[in-house]
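Peer 1: Provided below are the primary sequence and the corresponding predicted coordinates.
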Amino acid sequence: MRPRFEPGQNIAIKVPAHEYDKTVSFYQDILGLERKSDDSADERYTVVFRFGDKNLWVDRLSSLSQAEIWLEITTDDAETAASYLDQCGIARRDDIETLPDDFRGFWISGPSNIIHLMREKGK
């Protein structure tokens, strides 16, 4: 059975440490995007902007040499989605970033190596 997939609310730009401040300034000062407050975010490492009806996360990672775009996809059933994507030969990437134990979702890498967070709706 093919599960239903939809865009999630979040887009993340993972940025090398040496480009973080300039990237935040670009979205905030040059483009003038509205900065959202997120009590869980440490602004030295993560800033969230309103991006239309989405959230644009700019995350500082010292382990990167170039920026990466990460996307969120939602599904009605994470377990069914995982099985389906495995049958389609899509690589799981649970090692990419630790998710909470009670989180109903997982990481995958698309064919062009774009990271996607597959998240069960409402979880």
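Peer 2: Yes, it's here.

Peer 1: what sits up against the worst-scoring helix or strand of the chain on mean pLDDT?
Peer 2: Least confident helix or strand of the chain, by mean pLDDT, DSSP states H and E, is strand 35-36 with a mean of 92. Under the criterion Cβ atoms under 8 Å, 6 or more residues apart in numbering, residues 28, 47, 48, 49, 50, 55 lie in contact with strand 35-36. C-beta: built from backbone N, CA, C; applies to glycine.

Peer 1: Pull out the buried residues from the residues you listed.
Peer 2: In those, burial by neighbour count holds for 47, 48, 49, 55, counting by 16 or more other Cβ atoms under 10 Å.

Peer 1: would you turn those into CSV with distance to residue 78, pLDDT and secondary structure?
Peer 2: Converted to CSV, the buried ones among the contacts of strand 35-36 look like this (distance: Cβ to Cβ, whole Å; pLDDT from 0 to 100; DSSP: H, G, I helix; E, B strand; the rest coil):
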residue, distance to residue 78, pLDDT, secondary structure
47, 28, 94, strand
48, 24, 94, strand
49, 27, 95, strand
55, 20, 95, strand
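
Peer 1: What are the boundaries of the helices in this structure?
Peer 2: 20-25, 78-87 (DSSP state H).

Peer 1: buried stuff in the first one?
Peer 2: This points to helix 20-25. By 16+ other Cβ under 10 Å, the buried positions in helix 20-25 come out as 20, 23, 24.

Peer 1: How about the last one?
Peer 2: Residues of helix 78-87 classed as buried: 78, 81, 82, 84, 85 (neighbour count, 16+ other Cβ under 10 Å).

Peer 1: now the first one, nearest residue through space, not along the chain?
Peer 2: With Cβ to Cβ, 6 or more residues apart in numbering as the measure, residue 120 is the residue that lies nearest to residue 78, at 4.0 Å, once sequence neighbours are left out.

Peer 1: remind me which residues of the protein are low pLDDT?
Peer 2: 38-43, 123 (pLDDT under 70).

Peer 1: all strands of it, in order?
Peer 2: 5-16, 35-36, 46-51, 54-61, 68-75, 91-92, 105-109, 115-120 (DSSP state E).
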